[in-house]
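J.: Task: produce atomic coordinates for the following.
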Amino acid sequence: MSLSGRLKTMDLPEVLQWVAVGRKTGTLSLVRDKTKVYIYFRDGDIISSSSNDPTKQLGQFLLFQGKVTEPELKRAFELHLRSRVMLGKILVQENLVAQPDVEAALKARTAEVIYDLFLWDDGYFHFTSGGYNLDRLIQIKVDIHTLMFEGVRRKDEWARIRSVFPGNHIVLTLRAGVDLKAQTLTPLQKKLAYLLTLKKPISEIILELHGSDFLVNFELFQLYEKGIVEVLESIPAPMEAESPARLFNKGLELMQSRNFREAIAAFQEVLRLDPQNAWASEQIDRAETALCQEYYRTVMPPAKVPCFLVSDDALPGYHLSHEEGFIASRINGTWDVKSIVMLSPLREIEILEALDRMLKLELIALR
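T.: Presented below is the predicted three-dimensional model:
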């Protein structure tokens, strides 16, 4: 038995309750903008989840928790690609992360993927019986009622956070006269306090920490409520959007002319306005795959190593975005394009576009 709809007409708790009460086995897929999430059920219990959001990958989650470093994760990724052994098993075998920490991270990551869904204001969902291969899943049993309780609590918390932090582009700063030494801060909050001294927007802080929207915003909000930080800059008002039908036709025209980058932007806007438009989602996948292949074939072979052509002191003059700045910080003359793609908490196409811009600016070269 299948079920489809929009979260505006049947919210997530109702969908999860329908699966749990019916003790159903199958896959619940959810789509919004660029994000695709899959929740796997057996007899009404959640046994696993997956997402195309890079921050929800096991490696990125362990980086956020401070359980592994980027060089260690790079080494584990390389072993994974050669052996095809699961990344978690490699991390344990190489004594990079303890088995209990990997298991805890897997369970926490599974829950975080689902918790984030409670923050969606809309999206398209589809449940279908079966739809997964148990051998390819990392199985973790999660109590659905406990998960729903926490998800609803986070939704309420998110509303409070967004009433003060209206978007991830705002910049926070430490309040004048605050004595951090007199405060009781967690290790993560200490990292946040340091990043705030650099006048970084929330979006850049999330990227630097390999974190998620909610987890980073929540910690920042705790600092706000303690009177440690305040809002320095706010985001601009959003622009009015075109109609979904017009944007979709525009995207198709761009695809036909092989203008993949602009086509992706058009189809992503279609999904923002019409989350149920599966055709737009399919076109995005096709366009991104084609664009990445084009980059690898004509601009940046995966085995090539990016190297800087300018000094560190000259970087501010290039006005890099915070995503580009993050990628630039990973260019060390040793890591090749493939490694940077593997380790960055950004989508593959975003990383390649950033590297391409740096090449055009003659900021880097490939060796």
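J.: name the element residue 31 belongs to?
T.: Following DSSP states H and E, one finds residue 31 within strand 26-32.
J.: roughly how far out does the following helix or strand past that strand sit from the chain middle?
T.: If you walk from strand 26-32 toward the C-terminus, the next helix or strand you reach (DSSP H and E) is strand 35-42. The chain centre lies 16 Å from the centre of strand 35-42; the measure is C-alpha atoms, centre = their mean, to the nearest Å.
J.: Could you do stretch 184-201 as well?
T.: Chain-centre distance of stretch 184-201: 20 Å, with C-alpha atoms, centre = their mean.
J.: For residue 214, give me the pLDDT.
T.: Looking at residue 214, its pLDDT is 93.
J.: Which helix or strand contains it?
T.: Residue 214 belongs to helix 213-225 when assigned by DSSP H and E.
J.: strand partners of the helix or strand that comes right after that helix, parallel vs antiparallel please.
T.: Moving toward the C-terminus from helix 213-225, the next helix or strand (DSSP H and E) is strand 229-233. Each strand that pairs with strand 229-233, with its direction, by DSSP bridges: strand 171-174 (antiparallel).
J.: Isn't residue 291 up against residue 260?
T.: Yes - counting by C-beta atoms under 8 Å, residue 291 touches residue 260, with 4.1 Å between them. Any C-beta I mention is one placed from the backbone N, CA and C, and that applies to glycine too.
J.: So which residues of the stretch 1-150 of the chain form helices?
T.: Applying DSSP state H, counting those that start in this stretch to the stretch 1-150 of the chain gives helices spanning 12-21, 58-65, 70-83, 87-93, 99-117, 144-164.
J.: hey, which of these is tucked in deepest?
T.: Across these, averaging neighbours per residue (mean count of other C-beta atoms under 10 Å) puts helix 58-65 on top, at a mean of 22.
J.: per-residue confidence averaged over that helix?
T.: The average pLDDT within helix 58-65 is 89.
J.: Return the distance of residue 71 relative to residue 2.
T.: 45 Å (C-beta to C-beta, to the nearest Å).
J.: what comes into contact with stretch 56-70?
T.: With contact meaning C-beta atoms under 8 Å, 6 or more residues apart in numbering, stretch 56-70 is reached by 50, 54-55, 73, 76-77, 87-88, 91, 96-97, 101-102, 105-106, 108-109, 112-113, 116, 187-188, 209-212, 215, 330, 343, 345.
J.: what's the spacing between the strand holding residue 31 and its chain's center?
T.: Computed by C-alpha atoms, centre = their mean, the chain-centroid distance of strand 26-32 equals 17 Å.
J.: Equivalent analysis for stretch 83-103, please.
T.: A distance of 22 Å separates the centroid of the chain from that of stretch 83-103, by C-alpha atoms, centre = their mean.
J.: That stretch spans what distance, first to last residue?
T.: Stretch 83-103 has an end-to-end distance of 21 Å (C-alpha to C-alpha, to the nearest Å).
J.: next one: stretch 128-144
T.: From its first residue to its last, stretch 128-144 covers 18 Å (C-alpha to C-alpha).
J.: show me what contacts residue 358?
T.: Going by C-beta under 8 Å, 6+ apart, residue 358 touches 306, 320, 324, 327, 328, 364.
J.: relative to helix 99-117, how tilted is the strand holding residue 31?
T.: With axes from the mean of the first three to the mean of the last three C-alpha atoms, to 10 degrees as the basis, strand 26-32 and helix 99-117 are set at 60 degrees to each other.
J.: Which secondary structure state does residue 185 sit in?
T.: Put simply, residue 185 is coil when judged by DSSP: H, G, I helix; E, B strand; the rest coil.
J.: I figured it hits residue 196, correct?
T.: No - the pair residue 185 and residue 196 does not pass the contact test of C-beta under 8 Å, sitting 12.0 Å apart.
J.: more neighbours, these two?
T.: Counted by other C-beta atoms under 10 Å, residue 185 and residue 196 do not tie: residue 196 has more neighbours, with 20 against 17.
J.: per-residue confidence for that one?
T.: pLDDT recorded at residue 196 is 89.
J.: That one and residue 165, how far apart?
T.: Distance of residue 196 to residue 165, computed by C-beta to C-beta: 13 Å.
J.: Quick one: residues in contact with stretch 318-333.
T.: Here stretch 318-333 makes contact (C-beta under 8 Å, 6+ apart) with 70, 200-201, 203-204, 207-208, 305-308, 315, 340, 343-344, 346, 350-351, 354-355, 357-358, 361, 363-364.
J.: Oops, could you answer that again for stretch 257-269 instead?
T.: Taking C-beta under 8 Å, 6+ apart as the rule, stretch 257-269 contacts 33-34, 241-242, 247-248, 250-252, 254-255, 280-281, 283-284, 287-288, 290-291, 294, 349, 353.
J.: are any of the residues you listed buried, and which?
T.: Buried by 16 or more other C-beta atoms under 10 Å: 33-34, 247-248, 250-252, 254-255, 280-281, 283-284, 287-288, 291, 349, 353, out of the contacts of stretch 257-269.
J.: From those, which land in strands?
T.: Within these, no residue falls in strands by DSSP state E.
J.: Torsion angles phi and psi at residue 168?
T.: Dihedral angles of residue 168 (phi, psi; degrees, to the nearest 10) stand at phi -80, psi 0.
J.: re the thing from before, what sits in contact with each of residue 196 and residue 165?
T.: Counting by C-beta under 8 Å, 6+ apart, the common neighbours of residue 196 and residue 165 are residue 172.
J.: for the stretch 51-200 of the chain, what are the low-confidence residue spans?
T.: Within the stretch 51-200 of the chain, the ranges that satisfy pLDDT under 70 run 138.
J.: Over to the stretch 251-367 of the chain?
T.: In the stretch 251-367 of the chain (pLDDT under 70), the answer is 276.
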